[in-house]
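S.K.: predicted model and sequence below, questions to follow.
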Amino acid sequence: MEVKNLAKSYGQVHAVKGVSFKIPEQICFGLLGPNGAGKTTTIEMMEGILAPSSGDVLFRGKPIGRHFKEKVGIQFQSTALPEFITVKETIEMFQAFYPAPRPMDEIIEICSLADILGRDNRKLSGGQRQRLLLALAIVPFPEIVFLDEPTTGLDPQARRNFWELIRRIRAEKTTVVLTTHYMEEAELLCDRIAIMDHGRILEIDTPARLIEKHFEGVVVRVPVHGDDEDQMEIVTADLDRTMKELLMDDTNLDGLHIHKPNLEDLFLKLTGTSLRA
Amino acid sequence: MRKFSAMFKARTMEFVRDRGSFVWNLLFPIALVFGFAFAFSGDGQATFKVGVVGNPDPGLPFLSIRQIEFIEYDAPPVGPTIEEVQDRVRRHQIDMVIDFDSREYYINDESANGEILRMLFTRQERTPENSGATRTFTERAVTGRPIRYVDWLVPGVIGMNMMFSCLFGVGFVIVRYRKNGVLKRLKATPVSALSFVSAQAASRLVIVIITSIVVYTGTNLFLHFMMNGSYVHLLLLTTITILCMIAIGLVFASRLRSEELTSGLMNIITLPMLIFSGLFFSLEGAPEIVRRASRVFPLTHFVEGARAIMLEGAGFAEILPHVLYLAGLTVVMLLTSAALFQWE
């Protein structure tokens, strides 16, 4: 899949300001950014849900057309499910929408739905709901699956379970496009990531290469005046020298924290904001 | 077709399993029919309508009773014939008619108002000039089987139920689907807007036809409505009216996103229809402009057609103008909603 100079404006508000990237087949591509960065707008233009103001969305080299919907699986950030019908009936309804749908048994197995098949959609927990929404996304044997913040609002256990489901879908050689707030999620699942802010792509590469490119060495964080909120951050390739300089400078080292740079550090460096802000 | 039937099934199950609105859709109209039947079997309504044919006696005290609305009919061919005026009494459109030419008056024995008017009239039928006479008018029975108010009313109650069930069941539900993202999720599938909308409409059509039949037959068991025409014609008229109401509901559903706004707009059209379609009270004697405006409302055509079938045994040819109007309005509303429709 490829997007070229994709832009979307709402009057004077430019939500996406001309982004271009390619997503190779069978990888997991992560779109990262703070709230309002333009992730959802970008992903919805790629899904064909939102018409771009300008630019192109290409799938296998051709603009997405009428039959694209038969080849994609989509999980929106927030979707209500039809009420008063059960999990099984909801899946059956979606099976009827596609020419060659995935068999029920397979969907139940992949998304671990056996226990809740007879449950009314209104009575599902957050994690169960996300599993059903993912099940609906994989009904058409999609070549590409879009997941917009699929684990936001889930507890840590439910989030881990959901990652396992995504891994199973990836094992079928399906391309996955994911937006997320969670760095851990992106590091664990994504082969390539694009960091977005203010409607633009800031960086795009594998997580490891991005960190390598922007950081040399380790990250040292020291609270200023013993205050956890106000921290000094030093990135250094020579930890020994840095530590000596800090001691010579008579810096209070209570609360000192040293770690290998991760995506969160990269994000802070690139956008100046915390990802979860 | 598979897509259509899947959505049809889902929507129908949603309705049937939503016990609250399911029961409400059935019980409310049944309660209303019985309520009206009970209320109007005893004391009648407060206002009286009396038709006047010919030149009234000058100074007749009865004619100056303020609680009575007098409707003067022109002589034929401009006005109705005496038989037609009698029919209006029979159909509870007016409570009594006085023919000053033949010196006769007609009262429907089934009308509670008629009883009161007979009493008032027999006491005040003499002018000062002929105060000595015992009687100056002869009472004539209204020919044919008398029609009870409830016979006249039942199409109105069923029509009202159809209107609410279609407008809110289609319009409101689709607006809710749009607001909470169900429509957006369907847009992401190969389902077409036409397939989605027609499944919603078909599900509601079947539901409302069945509830209307249940309400009618259920209340008919106890109240034995007058039925002089064909049930097939009545079903045809009912079906086209339901389609028309659904089509109006679809216009609301085509792009509104707010349930509050939808509710407000629906009230703007349902309230005038409730009052001015002649559902519960006859528009006979209402200002000309009101009667003309009422011709626009689909419910007016439904109740007039249904009453013509049930009370007068009207055939297909007689209800055809109503059917054509409803069909035409349905097409216009469907085209409008198709032109306006947006998933989001």
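M.R.: That came in fine, so what should we check first?
S.K.: ok, and what's touching stretch A:32-44?
M.R.: Outside of stretch A:32-44, the residues that reach it under the criterion C-beta atoms under 8 Å, 6 or more residues apart in numbering or on different chains are A:3, A:6, A:8, A:15-17, A:19, A:31, A:50, A:77, A:146, A:148-149, A:177, A:179-181, A:183, A:186, A:193-200, A:263, A:267, A:271, A:273-275, A:277. Heads up, the C-betas are built off the backbone N, CA and C, glycines and all.
S.K.: at 7 Å what do you get?
M.R.: The set of residues that contact stretch A:32-44 without belonging to it, under C-beta atoms under 7 Å, 6 or more residues apart in numbering or on different chains, is A:6, A:8, A:15-16, A:19, A:31, A:50, A:77, A:146, A:148, A:177, A:179-180, A:186, A:193, A:195-199, A:267, A:271, A:273, A:275, A:277.
S.K.: output the lowest mean pLDDT helix or strand found in the chain.
M.R.: Since you didn't name a chain, this refers to chain A. The helix or strand with the lowest mean pLDDT-type score in chain A, counting by mean pLDDT, DSSP states H and E, is strand A:227-236 (a mean of 77).
S.K.: that's the other chain; I wanted chain B
M.R.: Across the helices and strands of chain B, mean pLDDT, DSSP H and E gives its lowest value to helix B:19-39, namely a mean of 76.
S.K.: now that one: buried residues?
M.R.: In terms of neighbour count (16 or more other C-beta atoms under 10 Å in any protein chain shown), helix B:19-39 has its buried residues at B:Asn25, B:Leu26, B:Phe28, B:Pro29, B:Ile30, B:Leu32, B:Val33, B:Phe34, B:Phe36, B:Ala37.
S.K.: what of stretch A:209-226?
M.R.: If you call a residue buried by 16+ other C-beta under 10 Å, then stretch A:209-226 has these buried ones: A:Leu210, A:Ile211, A:Phe215, A:Val218, A:Val219, A:Val220, A:Val222, A:Pro223.
S.K.: burial count for A:Arg168?
M.R.: Each residue near A:Arg168 was counted by other C-beta atoms under 10 Å in any protein chain shown, and the total is 16.
S.K.: same thing with A:Leu154?
M.R.: Neighbours of A:Leu154 using other C-beta under 10 Å come to 18.
S.K.: shouldn't it be in contact with A:Phe162?
M.R.: Yes: under the criterion of C-beta atoms under 7 Å, A:Leu154 makes contact with A:Phe162 at 6.5 Å.
S.K.: circling back: let me know the closest of the buried residues of helix B:19-39 to B:Glu115.
M.R.: The shortest approach to B:Glu115 among these belongs to B:Ala37, at 17.3 Å (C-beta to C-beta).
S.K.: list the contacts of that closest one.
M.R.: Listed by C-beta under 7 Å, 6+ apart, the contact set of B:Ala37 reads B:Val150, B:Leu223.
S.K.: so which residues on the stretch 51-200 of chain B come close to chain A?
M.R.: Listed as neighbours of chain A in the stretch 51-200 of chain B under the rule C-beta under 7 Å from any C-beta of the partner chain: B:Asn180, B:Gly181, B:Val182, B:Lys184, B:Arg185, B:Lys187, B:Ala188, B:Thr189, B:Pro190, B:Val191.
S.K.: burial check on the residue nearest to the third one when sequence neighbours are not counted, number of neighbours?
M.R.: Going back to what we said before, that points to B:Val182. When the adjacent residues along the chain are set aside, B:Val182 lies closest to A:Ala80, with 5.3 Å between them (C-beta to C-beta, 6 or more residues apart in numbering or on different chains). Residue neighbour count, defined by other C-beta under 10 Å, stands at 17 for A:Ala80.
S.K.: with B:Ile71 instead?
M.R.: Per other C-beta under 10 Å, the neighbour tally for B:Ile71 reads 17.
S.K.: a strand runs through it, doesn't it?
M.R.: Yes: counting by DSSP: H, G, I helix; E, B strand; the rest coil, B:Ile71 is found in a strand.
S.K.: for the residue nearest to it when sequence neighbours are not counted, give me the backbone phi and psi.
M.R.: With C-beta to C-beta, 6+ apart as the criterion, B:Ile71 has its nearest non-adjacent residue at 4.6 Å, and that residue is B:Gly285. Geometry field for B:Gly285 lists phi and psi as phi 90, psi -10, criterion degrees, to the nearest 10.
S.K.: count of neighbours near B:Gly285?
M.R.: A total of 15 residues lie near B:Gly285 under the criterion other C-beta under 10 Å.
S.K.: same thing with A:Leu188?
M.R.: Neighbouring residues of A:Leu188 were enumerated by other C-beta under 10 Å; the total is 15.
S.K.: which of the helices or strands spans it?
M.R.: In this assignment (DSSP states H and E), A:Leu188 forms part of helix A:183-189.
S.K.: centre of the chain to whatever helix or strand comes next after that helix, how far?
M.R.: Using DSSP H and E, the helix or strand that follows helix A:183-189 in sequence is strand A:192-197. Distance of strand A:192-197 from its chain centroid, counting by C-alpha atoms, centre = their mean, to the nearest Å, is 9 Å.
S.K.: contacting residues around the residue of the stretch 1-150 of chain B found nearest chain A?
M.R.: When distances are taken as C-beta to the nearest C-beta, the stretch 1-150 of chain B approaches chain A most closely through B:Ala6, which lies 3.4 Å from it. Counting by C-beta under 7 Å, 6+ apart, B:Ala6 touches A:Met93, A:Ala96, A:Phe97.
S.K.: do you know how far B:Tyr325 is from B:Val232?
M.R.: Between B:Tyr325 and B:Val232 the computed distance is 20 Å (C-beta to C-beta, to the nearest Å).
S.K.: can you check B:Val332 too?
M.R.: Separation of B:Val332 from B:Val232 (C-beta to C-beta) stands at 26 Å.
S.K.: with neighbour numbers in mind, choose between the two.
M.R.: Neighbour count, other C-beta under 10 Å: between B:Val332 and B:Val232, B:Val332 has more, with 14 against 10.
S.K.: state the helix or strand in which that one lies.
M.R.: Assigned by DSSP H and E, B:Val332 falls within helix B:316-340.
S.K.: in that helix, what counts as buried?
M.R.: Within helix B:316-340, the residues that count as buried by 16+ other C-beta under 10 Å are B:Ile319, B:His322, B:Val323, B:Tyr325, B:Leu326, B:Leu329, B:Thr330, B:Met333, B:Leu334, B:Ser337.
S.K.: could you dump these to CSV with distance to chain A and pLDDT?
M.R.: Below are these laid out as CSV (distance: C-beta to the nearest C-beta, whole Å; pLDDT from 0 to 100):
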residue, distance to chain A, pLDDT
B:Ile319, 37, 94
B:His322, 36, 96
B:Val323, 35, 96
B:Tyr325, 35, 97
B:Leu326, 31, 96
B:Leu329, 30, 96
B:Thr330, 27, 95
B:Met333, 25, 93
B:Leu334, 23, 90
B:Ser337, 21, 90
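S.K.: tabulate those residues (JSON lines), appending distance to A:Gly118.
M.R.: Listed next are the buried residues of helix B:316-340 as JSON lines, based on distance: C-beta to C-beta, whole Å:
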{"residue": "B:Ile319", "distance to A:Gly118": "48"}
{"residue": "B:His322", "distance to A:Gly118": "47"}
{"residue": "B:Val323", "distance to A:Gly118": "45"}
{"residue": "B:Tyr325", "distance to A:Gly118": "48"}
{"residue": "B:Leu326", "distance to A:Gly118": "42"}
{"residue": "B:Leu329", "distance to A:Gly118": "43"}
{"residue": "B:Thr330", "distance to A:Gly118": "39"}
{"residue": "B:Met333", "distance to A:Gly118": "39"}
{"residue": "B:Leu334", "distance to A:Gly118": "38"}
{"residue": "B:Ser337", "distance to A:Gly118": "36"}
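S.K.: list just the nearest of those residues to A:Arg66.
M.R.: Closest approach to A:Arg66 among the buried residues of helix B:316-340 (C-beta to C-beta): B:Ser337, at 22.6 Å.
S.K.: ok, so what distance separates the closest residue to the closest one other than its chain neighbours from chain A?
M.R.: Using C-beta to C-beta, 6+ apart and skipping residues adjacent in sequence, the residue nearest B:Ser337 is B:Leu250, 3.8 Å away. B:Leu250 sits at a distance of 19 Å from chain A (criterion: C-beta to the nearest C-beta, to the nearest Å).
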